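*Asks:* All I have is the shape, not the residue letters:
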């Protein structure tokens, strides 16, 4: 068991795309809440993932970095889930999961006419196929009262002409969230999506590289500032908690009131 005591004591979690940004923040907050074991998925930034693992262990939880390139589609999913199963079995003696956070995502920025089939395929693989099939693989191992949380985007509510395939892939995730909520309800498992707005991560660092870009990014929110990873992770952690047991099938806006 974790040496921490908290709302996630004894829980096993898997967070995809957790080497930096919102995913890293979520993983660390789960550890701060006493999670027993956390799988930290990453695509290519091994050093960053290992830093997150070290931070989690410093909080008293067990953790492992899991490498898988999800643009490869089902082969990437199979690699990730096999590695997670092996790691949990090694640490805990049996495979089970309480909290699944499908956070990994890519957000290509192209005019509609210039969006290539390769870009579409990569984005669908990471943003939709991976959550779909990771959740499918996890299904037999999810314990009663578990949590499935999909990370969406405010761009399903606000038009984003330069992010067409990103927005569309996240729209699919929101529909999947709705469809899976009654499927898992008999076990007390909730299925929800959290939709961030413009958040200070590597995904939009180019946009925020100039004063004009930073002002544009801040203007999206009703609070006239760019969101932080902590702003979003706090909402995700609430949805993952027992306090959110009566919420399922929902898309929770975490955009700071974007474009209200």
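*Replies:* Great, that's in hand. All values derive from a computational prediction rather than experimental measurement.

*Asks:* How many residues are close by residue 230?
*Replies:* The number of residues packed near residue 230 is 16, by other C-beta atoms under 10 Å. Heads up, the C-betas are built off the backbone N, CA and C, glycines and all.

*Asks:* ok, now which ones touch residue 52?
*Replies:* 18-20, 24, 27-28, 40, 63, 65 (C-beta atoms under 8 Å, 6 or more residues apart in numbering).

*Asks:* And for residue 112?
*Replies:* The contact partners of residue 112, by C-beta under 8 Å, 6+ apart, come to 161, 164.

*Asks:* helices and strands around the helix or strand containing residue 230, which ones?
*Replies:* Using DSSP states H and E, the secondary-structure element containing residue 230 is helix 229-240. Under the contact criterion of 3 or more C-beta pairs under 8 Å, 6 or more residues apart in numbering; DSSP states H and E, helix 229-240 touches helix 21-32, strand 97-102, strand 142-151, strand 190-196, strand 251-254.

*Asks:* export the ones you listed to JSON lines and tack on distance to residue 176 and mean pLDDT?
*Replies:* Shown next, in JSON lines, are the helices and strands packed on helix 229-240 (distance: least, C-beta to C-beta, whole Å; pLDDT from 0 to 100):
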{"stretch": "helix 21-32", "distance to residue 176": "19", "mean pLDDT": "98"}
{"stretch": "strand 97-102", "distance to residue 176": "9", "mean pLDDT": "98"}
{"stretch": "strand 142-151", "distance to residue 176": "7", "mean pLDDT": "98"}
{"stretch": "strand 190-196", "distance to residue 176": "9", "mean pLDDT": "98"}
{"stretch": "strand 251-254", "distance to residue 176": "11", "mean pLDDT": "97"}
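
*Asks:* Show me where this structure dips below the pLDDT cut-off.
*Replies:* Counting by pLDDT under 70, the chain has low-confidence residues at 1-5, 205, 207-208.

*Asks:* Torsion angles phi and psi at the spatially most central residue of it?
*Replies:* Ranked by distance to the mean C-alpha position of the chain (C-alpha atoms, centre = their mean), the top residue is residue 103 at 1.7 Å. When read as degrees, to the nearest 10, the backbone of residue 103 gives phi -100, psi -30.
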